[in-house]
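**Student:** how would this look folded up:
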Amino acid sequence: MGFFTEFREFAVKGNVVDLAVGVIIGGAFGKIVDSLVADIIMPIVGLIFGKLDFSNLYVVLGTVPAGVANNLAELKKAGVPVLAYGNFITIAVNFIILAFVIFLMVKQINRLRRSTEEAPAAPDTPAEDIVLLREIRDSLKRP
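**Tutor:** The predicted structure follows:
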């Protein structure tokens with residue numbers, strides 16, 4: 001089997017296609033959660049703690065050259081070492097929210113799966129030969 005034939009068989013298998021679809025949907029879902037965190041949750045959290053934007057929280061680790069504005073973008077552009085812990089806080093909150101949403105989805109899927117498994121199964125109908133044998137047996141028992 002040639003390399004390209006083997007690769008084609010691998011690439012068109014159902015699991016690989018399902019995985020690709022999952023990765024694409026996961027990427028889109030990640031963008032939705034990023035927007036939820038950055039545009040809705042973090043401004044509310046920032047308002048509670050007195051800052052409007054955590055992404056601009058930082059500690060300057062070096063000296064700030066003259067003429068450089070004291071904001072994160074300008075300090076990074078000037079090459080000043082900064083510890084940008086606010087961005088980490090934003091990403092950590094993003095992860096917690098994403099993990100919570102996935103937990104809720106898995107919990108719901110498991111609940112639905114359990115409810116379908118617990119449904120009483122329809123009684124099995126016996127095979128035709130068993131029905132005939134039971135009829136013969138019952139007819140022989142009658143006096």
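**Student:** ranking helices and strands of this protein by mean pLDDT, which lands last?
**Tutor:** Lowest by mean pLDDT, DSSP states H and E among the helices and strands of the chain is helix 42-49, with a mean of 78.
**Student:** could you list the buried residues of that one?
**Tutor:** 42, 45, 46 (16 or more other C-beta atoms under 10 Å). (Each C-beta comes from the backbone N, C-alpha and C, glycine too.)
**Student:** contacts for whichever strand or helix holds residue 139?
**Tutor:** Per DSSP states H and E: residue 139 is located in helix 128-141. Residues from elsewhere that reach helix 128-141 (C-beta atoms under 8 Å, 6 or more residues apart in numbering): residue 126.
**Student:** okay, that helix in CSV with CA atoms only?
**Tutor:** Extracted in CSV, the C-alpha atoms of helix 128-141 (Å, rounded to 0.1, in the frame of the first residue of the first chain):
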residue,chain,number,x,y,z
GLU,A,128,-41.7,-18.5,16.6
ASP,A,129,-40.5,-22.0,17.3
ILE,A,130,-40.7,-21.4,21.1
VAL,A,131,-44.2,-20.1,20.7
LEU,A,132,-45.2,-23.3,18.8
LEU,A,133,-43.5,-25.5,21.4
ARG,A,134,-45.4,-23.8,24.2
GLU,A,135,-48.7,-24.3,22.3
ILE,A,136,-47.9,-28.0,21.9
ARG,A,137,-47.0,-28.3,25.6
ASP,A,138,-50.1,-26.5,26.7
SER,A,139,-52.3,-28.6,24.4
LEU,A,140,-50.8,-31.8,25.9
LYS,A,141,-51.5,-30.7,29.5
